[in-house]
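Asker: compute the structure for the input listed below.
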Amino acid sequence: MGHKVHPVGFRFGITRGWDAKWYSDKNYAAFLQEDIRIRGLVNVLFPSAGISTIEIGRSTREVTVTVCTARPGIVIGRGGQRVDGLRHKLEELVGRRVRVDIQEIRQPELDAYLMAESVADQLRTRTAHLRVMKRTLARIMQAGAKGAKISCAGRLGGAEIARRVVLMEGRVPLHTLRANINYGLAESHTLLGIIGVKVWIYRGDILPQPREKELEVSEEIEG
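Answerer: Next up, the predicted model:
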């Protein structure tokens, strides 16, 4: 049996930061439950907005909620009515001042969670899984990815026995820490059962930035 490591947690503190940016000694459990309720409320209010991640930051006075979405117009609404309504509901839930920021995902094809949701939605309509996976892989590679992998597991095609199908194109170096791996997981609830969809997208390497002292030394040598 293989020992799998989550590609996001594997890179925390190295090439990737946390989605929850706050610190607490005494109220950690309460804040954690609050984050879960905040994310659940946003996803329930905007199920078709293409929301990928929700970042939460806390200060002594307010809570900052950053929504990364592929369809910002659905979240904002006409004249910002939906954003204002979302902020009021979050303030009622949290009991403090809440600031809502909207960030647009300019290339949804390079977001693994959105691609996993796209595959899951098509599987709900009983589309052939191989056709969906190949079409999604082609979209990801055309968007500029250096590699991608899609895995579907469950009763594929209505089979009696569950199985797993994996398609990959390009390079997906999961053991390279500097590799920018975007990972997404989604579930497709069909009449025959749940089909799990996993997507890995390799965007390239994240190289460390040179230090200012090294730049100053190099400039002195060149001078």
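Asker: what does stretch 13-28 rub up against?
Answerer: In this structure, residues lying in contact with stretch 13-28 by C-beta atoms under 8 Å, 6 or more residues apart in numbering are 8, 12, 31-32, 35, 53-58, 177-180, 206. C-beta: built from backbone N, CA, C; applies to glycine.
Asker: how about 10 Å then?
Answerer: Contacts with stretch 13-28, where a contact means C-beta atoms under 10 Å, 6 or more residues apart in numbering, come from 7-12, 30-32, 34-35, 38-39, 53-59, 63-64, 66, 68, 176-182, 205-208.
Asker: show me what counts as buried in that stretch.
Answerer: Of the residues in stretch 13-28, 15-16, 20 count as buried by neighbour count, 16 or more other C-beta atoms under 10 Å.
Asker: buried among the contacts of stretch 13-28? Make that a ChimeraX selection.
Answerer: This is the ChimeraX syntax for the buried subset of the contacts of stretch 13-28, where burial follows 16+ other C-beta under 10 Å:
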select :7,10,11,31,34,35,38,39,54,55,56,58,63,64,66,68,179,180,181,182
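Asker: narrow the contacts of stretch 13-28 to those in strands?
Answerer: Residues from the contacts of stretch 13-28 lying in strands, with DSSP state E as the criterion: 53-58, 63-64, 66, 68, 179-182, 205.
Asker: of all the residues you listed, which two lie farthest apart?
Answerer: Across those, the two members that end up farthest from each other (C-beta to C-beta) are 63 and 205, 34.4 Å apart.
Asker: ok, the nearest residue to residue 183 once chain neighbours are set aside - contacts?
Answerer: Closest residue to residue 183 apart from its sequence neighbours, by C-beta to C-beta, 6 or more residues apart in numbering: residue 7 at 4.5 Å. Listed by C-beta under 10 Å, 6+ apart, the contact partners of residue 7 are 16, 112, 172, 174-175, 179, 181-183, 198, 200.
Asker: pipe the residues you listed into CSV and attach distance to residue 141 per row.
Answerer: Below are those laid out as CSV (distance: C-beta to C-beta, whole Å):
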residue, distance to residue 141
16, 23
112, 14
172, 12
174, 18
175, 22
179, 17
181, 15
182, 14
183, 17
198, 17
200, 13
